[in-house]
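S.K.: Compute the structure for the input listed below.
(one chain, ligands or ions: 1)
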Amino acid sequence: MNERPKVLVVYYTQTGQLKRIIDHVLAPLEGKADFTFEELVPVTPFPFPWGKQQFYDTMPETVQSTPRGIEPLKVDVNAHFDLVILAYQPWFLSPSQPTAAFLQSEAGKQLLKGKKVITLLGSRNMWLNAQERVKNYLHQAGSTLVGNIVLVDKSPNLISVITILRWAFKGKKEATRFLPQAGVQENEILTSERFAGPIAAALQHDKWDTLHSELLSLDAVELLPNLVVLENKGIRAFRFWAKFISAKGGPGAASRQGRVSMYRALLLAGIFVLTPISLVTSIIQLNLKKAKLRREVDYYKGISLR
Ligand SMILES: Cc1cc2nc3c(=O)[nH]c(=O)nc-3n(C[C@H](O)[C@H](O)[C@H](O)COP(=O)(O)O)c2cc1C
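M.R.: Residues are numbered from 1 along each chain as shown. The predicted structure follows:
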């Protein structure tokens, strides 16, 4: 009897949204592969709901890739896996701290070495820079990215900023009279089972070179050009603020809270000013530098690393 392929799923989730996404994507594979789940556990938990100051104070170390550590992994890092699914969420345009801690750890690198990896994201809608970072970590660990699936909140950008902050600060996810439910739309989660087919076929035939294009044909990654423009502007601002804040002290230090508050005020103003500006910029670029912006969009939809 042929052995079933072995799949390791590494993930972290605060609200359970990402775990639901994983479960839906993998449901049709039940009985066709053996799954090991490794939930990343920060040494000190990140709160949910978040205190406002605490939330913004988490930005510098997230952006600067100096995350809070995680508990030792439970999985045997030398065990054989045919596939690793790395499920993560972006925080501040970067991989969430537990994800970065995993990717930086010796155990994580050992585990990923020589493995095929699919990344699976549950995000608001700004994940490009985070994925670039993850691609770099995977490359350094000697693994091969064979597919990427991104679930986003499809509400307009400014609406999803409001709903996610309400969710993060008050724990309230449900819709109101004026606002939709926060997070990835329920229908997107339920229909993510469609990605299991190509993954099952790749596992069965150990054939990975066409997996990502098959996933793309199922709309595994949808990307609006204005978000490429917005994210490029955003990450530059975040890097500046991360340096400015961390120069005054480490996570939670009283000495840096004045700067955290400045960043807090400017971030929200920035999002509301920059969103319409980048929409206009992207429309101009789509006309004037059409080929270049299209190339960027294609690059971010793909799995190569430049
Ligand atoms: C601190 C923090 C920062 C976040 N930053 C981003 C971001 O930059 N881009 C994005 O698309 N989503 C962002 N999100 C949303 C998360 O990616 C994720 O979709 C949400 O927190 C639910 O994930 P969960 O499975 O951990 O509950 C952020 C969430 C948190 C808590």
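
S.K.: What helices and strands are in contact with the longest helix along the chain?
M.R.: Scanning the chain for the helix with the most residues, using DSSP state H, yields helix 257-288. Here helix 257-288 touches helix 52-57, helix 157-170, helix 225-246, helix 290-301, going by 3 or more CB pairs under 8 Å, 6 or more residues apart in numbering; DSSP states H and E. No exception for glycine: its C-beta is placed from N, CA and C like everyone else's.

S.K.: That helix relative to helix 225-246, how many degrees between them?
M.R.: On the basis of axes from the mean of the first three to the mean of the last three CA atoms, to 10 degrees, helix 257-288 is oriented at 160 degrees to helix 225-246.

S.K.: Now tabulate the helices and strands packed on helix 257-288 in a markdown table and tack on mean neighbour count and distance to the ligand.
M.R.: Shown next, in a markdown table, are the helices and strands packed on helix 257-288 (neighbours: other CB atoms under 10 Å; distance: least, CB to the nearest ligand atom, whole Å):
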| stretch | mean neighbour count | distance to the ligand |
| --- | --- | --- |
| helix 52-57 | 18 | 6 |
| helix 157-170 | 18 | 5 |
| helix 225-246 | 18 | 8 |
| helix 290-301 | 14 | 13 |
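
S.K.: could I get the ones you listed as JSON lines with mean pLDDT?
M.R.: Output for these, formatted as JSON lines (pLDDT from 0 to 100):
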{"stretch": "helix 52-57", "mean pLDDT": "97"}
{"stretch": "helix 157-170", "mean pLDDT": "96"}
{"stretch": "helix 225-246", "mean pLDDT": "92"}
{"stretch": "helix 290-301", "mean pLDDT": "92"}
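
S.K.: Any chance of CSV for the ones you listed, columns distance to Ala27?
M.R.: What follows is the helices and strands packed on helix 257-288, written out as CSV (distance: least, CB to CB, whole Å):
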stretch, distance to Ala27
helix 52-57, 32
helix 157-170, 25
helix 225-246, 29
helix 290-301, 25
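
S.K.: closest one to Val7 among these?
M.R.: Closest to Val7 of the helices and strands packed on helix 257-288 is helix 290-301 (CB to CB; 23.9 Å).

S.K.: Spatially nearest residue to Pro47, not counting backbone neighbours?
M.R.: Excluding its sequence neighbours, the residue lying closest to Pro47 (CB to CB, 6 or more residues apart in numbering) is Gln54, at 6.4 Å.

S.K.: close enough to count as contact, the one you found and Gln257?
M.R.: No: counting by CB atoms under 8 Å, Gln54 does not reach Gln257; the two are 10.4 Å apart.

S.K.: who in the protein is up against the ligand?
M.R.: 13-15, 17-18, 55, 58, 89-93, 122-127, 164, 168 (CB under 6 Å from any ligand atom).

S.K.: returning to that earlier point: so the residue nearest to Pro47 versus Leu293, what's the distance?
M.R.: 37 Å (CB to CB, to the nearest Å).

S.K.: cool, and Trp91?
M.R.: 26 Å.

S.K.: How about Gln285?
M.R.: 5 Å.

S.K.: Identify the contacts common to these two.
M.R.: By CB atoms under 8 Å, 6 or more residues apart in numbering, Gln285 and Leu293 have these common neighbours: 225, 229.

S.K.: Compute the inter-axis angle for the helix or strand of the chain with the lowest mean pLDDT and helix 157-170.
M.R.: When each helix and strand of the chain is scored by mean pLDDT, DSSP states H and E, helix 257-288 comes last, with a mean of 88. If you take the same axes, to 10 degrees, helix 257-288 sits at 160 degrees to helix 157-170.
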